[in-house]
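Peer 1: output the structure for:
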Amino acid sequence: MLDAADALATWVALTLVGTTMLAAALAIPAAPPPDATAVAATVDRVAASNYDASVPLHLDAEAVRVTPQSIGLRGPGGRASAALVARVVPVPPDGPLAAVLAGRDPALVFDASIGFVRAVAAARARATVWRAAETLRIRHLTWRGIDVVLVG
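Peer 2: Sure thing, here's the model as predicted:
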């Protein structure tokens, strides 16, 4: 027979199992993580172009982090990152490289190619941070013998 002690133990066990199942269900993200692999593939396609190219890419993510070797995306479903085949220049949102990334001619932004080379080196050396972004710009250009892929 079932007595009061057995009923209480059964009730406590069922409550713990139910609470555990509810916590597990709530821990599952509502959305998948952003697709960093597709973004990295687009960056690599632009980088492999034989011609100067510029592509604005809409992101389904809340934030992006660009390093010279990888792309990271963060969204409601979590984080995702992907390695790049090409070595890119992560462009900060301010400064002369941002103007070149936006489409300006480097000759109008930099007096000499050495200024461009220094700006590229400084951008690659900066610490990478997560930035809120809806669109990622990718620009492959060759200017005065300097071949770069700007991403920002």
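Peer 1: now do the strand ranked longest in the chain: which elements does it pack against?
Peer 2: The longest strand of the chain (DSSP state E) is strand 135-143. If you count contacts as 3 or more C-beta pairs under 8 Å, 6 or more residues apart in numbering; DSSP states H and E, strand 135-143 packs onto helix 36-47, strand 53-58, helix 96-101, helix 106-109, strand 146-151. For every residue, glycine as well, the C-beta is placed using N, CA and C.
Peer 1: of all those, which lies closest to residue 76?
Peer 2: Comparing the helices and strands packed on strand 135-143 against residue 76 with C-beta to C-beta, the closest turns out to be helix 36-47 (14.7 Å).
Peer 1: show me what that closest one is packed up against.
Peer 2: strand 53-58, strand 70-75, strand 78-83, strand 135-143, strand 146-151.
Peer 1: and of those, who's closest to residue 92?
Peer 2: The nearest among these, by C-beta to C-beta, is strand 146-151 at 10.8 Å.
Peer 1: direction included, what does the closest one pair up with?
Peer 2: Strand 146-151 pairs in its sheet with strand 89-90 (parallel), strand 135-143 (antiparallel), by DSSP bridges.
Peer 1: just to revisit the earlier point, okay, the helices and strands packed on strand 135-143 in a markdown table with mean neighbour count, mean pLDDT and distance to residue 136 next?
Peer 2: Below are those laid out as a markdown table (neighbours: other C-beta atoms under 10 Å; pLDDT from 0 to 100; distance: least, C-beta to C-beta, whole Å):
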| stretch | mean neighbour count | mean pLDDT | distance to residue 136 |
| --- | --- | --- | --- |
| helix 36-47 | 19 | 96 | 7 |
| strand 53-58 | 13 | 94 | 5 |
| helix 96-101 | 20 | 96 | 10 |
| helix 106-109 | 14 | 94 | 20 |
| strand 146-151 | 20 | 95 | 7 |
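Peer 1: and those as JSON lines, adding distance to residue 21?
Peer 2: Listed next are these as JSON lines, based on distance: least, C-beta to C-beta, whole Å:
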{"stretch": "helix 36-47", "distance to residue 21": "31"}
{"stretch": "strand 53-58", "distance to residue 21": "38"}
{"stretch": "helix 96-101", "distance to residue 21": "49"}
{"stretch": "helix 106-109", "distance to residue 21": "59"}
{"stretch": "strand 146-151", "distance to residue 21": "43"}
